[in-house]
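Participant: mind looking at a prediction? Sequence and model below.
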Amino acid sequence: MSEAVIKVGLLGLGTVGGGVYKILKKFPNIKITKIAAKNTDKNKDLNVKGILTENVMDVANDPEISIMVETIGGINPAFDAITTAIKNGKHVVTANKELIAKKGSEIFDLANKYNVSFLYEASVAGGIPIITAMKQSLAANKIKSVAGILNGTTNYILTKMEKEKIEFKDVLAEAQQLGYAEADPSSDIDGHDAAYKISILASIAFGCHVDINKIYREGISKISITDIDYASELGYKIKLIAMGNFIDNNKIDVRVHPALVPKLHPLSTINGVTNAVSVYGDAVGEVNFSGPGAGEMPTASSVVGDLLAIVKEIGKASMTLPSMRNNYNNNVQLIPIDETINSYYIRVHSIDRPGVIGSLGLICGKHGVSLSQVIQKDLLEGNIARIVLLTHQVKESAMQAAIKEMEEHESTKTIINVIRVLK
């Protein structure tokens, strides 16, 4: 007896949508019967003319479609199409990180209400199966922390700067030419993309809704080769890190910013466009995942993996994939950056005169900041000393107060950069 054919609707036929279409051709029991796409230039070779529509609602309202796959990205029309599909009893698979970060809690509640699955493995770290691992394989753990390199563009830029000694703006231009960065690269280099992803992972890790608007976010545009070289001398590499930490009393710390990562830490070895996630659970300890974070087939692999999980359950259970449902505790508080505890790298340009380093140390001491290392380099033109300070752990508010006083000191020309250190 042959298997029943599951009919699927697809929104978008770009890079990811095209990959999904190609992979599903291998599965005779799954048939894409309708595709909503306005532009098929990226996949002109696919024979889809008979099933194309420009209206996403044609897919969301088609009564014969059991599963809808959304790969168009953005908030609308994706949100309207997904909520309509769910109300029509369809299961939904998406790769849309922005939508989940901004509208996820509404969609999860709606999916629970209508008893359908809403899966989103491909929304974080492309082909890395991190969401399924955290929700199922690590379910026995209370997750203490999750940290990752979640944006391939910024990791490519920082890797290139480190290895080839090319400054940020020049590497960015090259990344745009190669297609690793968009014409408007702000979503990547300013940390928006990584913030969407860590909001999703932190929500899963800590069982709460993490408000994307409250996540502290800082990009990589201030990082220079000089910072990368000094960090290396101190035993670190600089990466854009997205992190979430459970503190206590239902308080969490979730943020995105450049960080000095110890060279012995697994994330320091992740180069190029590769993504990686490090999770610490109370039972398992630290586990690490790495792999391709974007691209046609890696991302499509995760999308189709979700779809196949649903297909296996259809008609066999009253509730499909209950372990993948989301029920959040809303009593968790996201603390502001001022309350976080960090070590810091500070690069200062100061007038070279006796006692300069001592005065910087006195200012730090006044605010409870303890220095672990101090480096002074050769003088720059104009009798300017280059000084690098590395601190022990201290509250962010205290560090910022010390930095403000350093900036106002008569010997200080400028504070070039302040970068936090990954624990």
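Facilitator: Done, it's in.
Participant: who's the closest spatial neighbour of residue 290, skipping the chain neighbours?
Facilitator: Using CB to CB, 6 or more residues apart in numbering and skipping residues adjacent in sequence, the residue nearest residue 290 is residue 276, 3.9 Å away. C-beta coordinates here come from the backbone N, C-alpha and C atoms, glycine included.
Participant: strand partners (parallel or antiparallel) of the one helix or strand that neighbour maps to?
Facilitator: Here residue 276, judged by DSSP states H and E, is contained in strand 274-281. Strand 274-281 pairs in its sheet with strand 143-149 (antiparallel), strand 285-292 (antiparallel), by DSSP bridges.
Participant: now the residue nearest to residue 290: how far from residue 343?
Facilitator: The gap separating residue 276 from residue 343 is 22 Å, by CB to CB, to the nearest Å.
Participant: between these two, point out the one with more neighbours.
Facilitator: Shown here are residue 276 and residue 343; by other CB atoms under 10 Å, residue 276 has more neighbours (24 against 20).
Participant: alpha carbons of stretch 22-36, as CSV, please.
Facilitator: The C-alpha trace of stretch 22-36 is given here as CSV (Å, rounded to 0.1, in the frame of the first residue of the first chain):
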residue,chain,number,x,y,z
LYS,A,22,15.2,20.8,-5.1
ILE,A,23,15.5,18.6,-2.0
LEU,A,24,11.8,17.7,-1.9
LYS,A,25,12.0,16.3,-5.4
LYS,A,26,13.7,13.3,-3.8
PHE,A,27,10.6,12.5,-1.7
PRO,A,28,7.8,10.9,-3.7
ASN,A,29,5.3,11.1,-0.8
ILE,A,30,5.6,14.9,-0.6
LYS,A,31,4.4,17.2,-3.4
ILE,A,32,4.7,21.0,-3.6
THR,A,33,1.4,21.9,-5.2
LYS,A,34,1.5,25.7,-5.0
ILE,A,35,4.4,28.3,-4.8
ALA,A,36,3.9,32.0,-4.1
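Participant: average model confidence for that stretch?
Facilitator: Across stretch 22-36, pLDDT averages out at 96.
Participant: how about stretch 162-170?
Facilitator: Mean predicted lDDT for stretch 162-170 stands at 96.
Participant: low-confidence bits of this protein, can you list those?
Facilitator: Applying pLDDT under 70 to the chain flags residues 1-2.
Participant: helices along that one, start to end?
Facilitator: Secondary structure of the chain by DSSP state H: the helices cover 15-24, 56-60, 78-87, 97-113, 130-132, 152-164, 168-178, 186-189, 192-206, 225-233, 296-313, 356-366, 396-408.
Participant: select, out of the ones you listed, the one closest to residue 33.
Facilitator: helix 56-60 (9.1 Å; CB to CB).
Participant: the closest one packs against which elements?
Facilitator: In this structure, helix 56-60 packs against strand 6-11, strand 30-36, helix 78-87, with contacts taken as 3 or more CB pairs under 8 Å, 6 or more residues apart in numbering; DSSP states H and E.
Participant: show residues contacting the shortest one.
Facilitator: Contacts of strand 6-11 from elsewhere in the structure, counted by CB atoms under 8 Å, 6 or more residues apart in numbering, are 17, 20-21, 24, 29-37, 56, 59-60, 62, 64-72, 78, 81, 85, 90, 307, 311, 314.
Participant: what does the last one give?
Facilitator: Helix 78-87 is contacted from outside by 9, 11, 36, 56-57, 59-61, 68, 70, 72, 92, 94, 96, 99, 103, 106-107, 110-111, 114, 116, 118, using CB under 8 Å, 6+ apart.
Participant: got the buried residues for it?
Facilitator: Neighbour counts over helix 78-87 (16 or more other CB atoms under 10 Å) mark 78, 79, 81, 82, 83, 84, 85, 86 as buried.
Participant: residue 201 versus residue 278, what's the distance?
Facilitator: Counting by CB to CB, the gap from residue 278 to residue 201 is 11 Å.
Participant: mutual contacts of these two, please.
Facilitator: 146, 148.
Participant: who has more neighbours, the two?
Facilitator: residue 201 (27 against 21).
Participant: can you verify my assumption that that one contacts residue 147?
Facilitator: No - assessed by CB atoms under 8 Å, residue 201 is found out of contact with residue 147, at 9.2 Å.
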